[in-house]
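Trainee: Give the three-dimensional model of this entry:
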Amino acid sequence: MKNILIDKRFDTIIWDWNGTLIDDIDICIESINCLLSDRELPLLTREKYLDLFGFPVVDYYKRIGFDFQKEPFEIPARQYIEIYTSKIKDCNLHDSAIKVMTFFKNMGLRQMILSASELNILEESINHFNIGHFFETFAGLDNHFATSKTELGLQLFKDHNIAPQKACFIGDTTHDYDVATALGCQCILVANGHESISKLKKTGATVVEKLEMITNFFGK
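Mentor: Numbering: from 1, shown residues only. Sure thing, here's the model as predicted:
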């Protein structure tokens, strides 16, 4: 585990949602495999999914066999969301999510969510789990196409007067690291989500295997 300095200089935690707080990897694989099956394309195993998933999502779709000469990206993207949203209430938060969010709350840190999920779906999920009280705010995209979170993050930092040097972004993908770098804040990646630990480590970011291990970097 790479050591980083997390101390009282930090006052804000920026959370990713999918894969980081909510354990939705299984329904993501089930949903994409429905689309692949309909098109007679090879299905994804969990191992292949972790290696091939990434942002922008349109490129991920191409890697797993979609041909956008035959159909526009928007068609499978919308179909995926329909299947995913029908399954999302079957998901749970990661086992230690409440514990870690409570830890940060007790430290007096601000907590916010920055997600590539569509905003209404994100809000419904947060309400479903009754965890809105942990967050000062949350930001999601205004469409279903899971594009970059960078612009959304820059606006979030501006609107809430977040000093980058006092913020830590917690995510589960290499894109989260790229976003954190663009925002100028610290980053910790958790290898319990949508990308393999080997991919995460290649970023040079701090990587932990389980969410609860994050608290080891913070002290009162």
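Trainee: CA atoms for contacts and neighbours, from now on please.
Mentor: Fine.
Trainee: Name the residues that touch the strand ranked longest in the chain?
Mentor: In the chain, with assignment by DSSP state E, the single longest strand is strand 110-118. When contacts are defined by CA atoms under 8 Å, 6 or more residues apart in numbering, strand 110-118 is touched by residues 11-18, 104-105, 122, 134-144, 146-149, 152-153.
Trainee: how about the strands of this protein, start to end?
Mentor: 12-15, 22-23, 92-93, 110-118, 137-141, 167-171, 186-190, 206-208.
Trainee: Out of those, flag the one nearest R39.
Mentor: Among those, strand 110-118 comes nearest to R39, with 24.7 Å by CA to CA.
Trainee: Quick one: distance of the closest one to the chain centre.
Mentor: Offset of strand 110-118 from its chain centre (CA atoms, centre = their mean, to the nearest Å): 8 Å.
Trainee: Now that we have the contacts of strand 110-118, which of them are buried?
Mentor: When the contacts of strand 110-118 are checked for burial by 16 or more other CA atoms under 10 Å, the buried set is 11-18, 104-105, 122, 134-135, 138-141, 144, 146, 148-149, 152-153.
Trainee: Can you list the buried residues in stretch 86-100?
Mentor: Going by 16+ other CA under 10 Å, stretch 86-100 has these buried residues: K87, I88, L93, H94, A97, V100.
Trainee: Just give me the neighbour total for the closest residue to the last one other than its chain neighbours.
Mentor: Yep, that's V100 we're talking about. Residue nearest to V100 in three dimensions, not counting chain neighbours: E212, with 6.2 Å by CA to CA, 6 or more residues apart in numbering. Neighbourhood size, E212 [other CA atoms under 10 Å]: 18.
Trainee: For the residue in the chain sticking out farthest from the centre, give its distance to L36.
Mentor: The outermost residue of the chain, judged against the average C-alpha position, is K70 (29.7 Å), by CA atoms, centre = their mean. Relative to L36, K70 is positioned 14 Å away (CA to CA, to the nearest Å).
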